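J.: starting from these lines, generate the structure:
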Amino acid sequence: MDGRCYNAVKPFNKMEADVFHLYIHYGTPQEDQQGQQCYFWRDGDVNTVPVMISGSKPGSRETTYKRYKVVCTRGRAKHAETGRNKIMDPITSGKELQDHTGDVAKETVVLTLVDVKGDEITQPAVQIGKLVRLRATIVGESSSAGIMAASCEAIGSTGSTSYRFIKGGCGDGYVIPKSDGFYSHGRSALSPVIQFFQIKGSDVIQFVCNFRCARTIVTG
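T.: A predicted model of the protein is given here:
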């Protein structure tokens with residue numbers, strides 16, 4: 001369980017089996033000399049911080065996140081509690097249909113992390129929350145004239161945890177809206193803008209995607 005603070009991603013501290021806490025501060029990160037505190041995102045008098053809760057089925061490396069938002073307003077009240085949320089629905093991704101996929105493609109596809117302007121990101125560290133996109137391109141000689149994204153997942157450095165944010169060509173509903181997917185134009189495809197995120201327990205992530213290649217030009 002993590003808080004997406006204004007200045008950093010901060011884990012909740014476990015107090016009991018099902019009780020976690022995280023101190024969240026008003027003000028600005030400049031007031032925190034050691035950078036150890038969590039600060040609200042502020043919009044006028046409204047202060048918010050997204051809370052991400054992750055989970056997976058036993059024996060599965062795929063992790064699914066639930067996103068909640070805690071909203072606070074400045075007022076006279078010193079203490080308040082939100083309503084209870086029951087997490088009853090499944091927390092792992094549904095199965096993906098893989099029928100009529102055709103032959104295994106022999107094309108070489110290069111997957112690149114780019115910024116919102118389309119420039120490749122080459123620095124080794126990317127800030128959590130930075131707006132980025134994934135670009136896939138068929139390189140070299142090929143009989144394929146089009147490419148379509150089928151699935152994408154982010155894998156942690158140990159390979160034991162992952163999160164699939166593209167399934168069946170569409171977004172997961174959290175990282176990418178369910179109505180969105182890669183935009184294809186000829187031999188390249190570009191993902192929607194996403195906020196760079198972190199896999200729990202890992203400081204490094206790897207993006208892995210599956211693509212379908214077409215003999216005709218694909219646009220859209």
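
J.: quick check: closest non-adjacent residue to the most centrally placed residue in the chain.
T.: Residue closest to the mean C-alpha point of the chain, counted by Cα atoms, centre = their mean, is residue 175 at 4.3 Å. Leaving aside its chain neighbours, residue 175 sits nearest to residue 165 (3.9 Å; criterion: Cβ to Cβ, 6 or more residues apart in numbering). (Each C-beta comes from the backbone N, C-alpha and C, glycine too.)

J.: which strands or helices does the helix or strand harbouring that neighbour pack on?
T.: Residue 165 belongs to strand 162-167 when assigned by DSSP states H and E. If you count contacts as 3 or more Cβ pairs under 8 Å, 6 or more residues apart in numbering; DSSP states H and E, strand 162-167 packs onto strand 146-156.

J.: where does the protein dip in pLDDT?
T.: 17, 31-35, 54-105 (pLDDT under 70).

J.: still on that earlier bit, the residue nearest to the centre of the chain and residue 192, how far apart?
T.: Between residue 175 and residue 192 the distance is 9 Å, computed by Cβ to Cβ, to the nearest Å.

J.: tell me how the chain divides into domains.
T.: What automatic domain parsing lists as the domains of the chain is 2-73, 108-214.

J.: most tightly packed of the ones you listed?
T.: Comparing these by mean neighbour count (mean count of other Cβ atoms under 10 Å), domain 108-214 comes out on top with a mean of 16.
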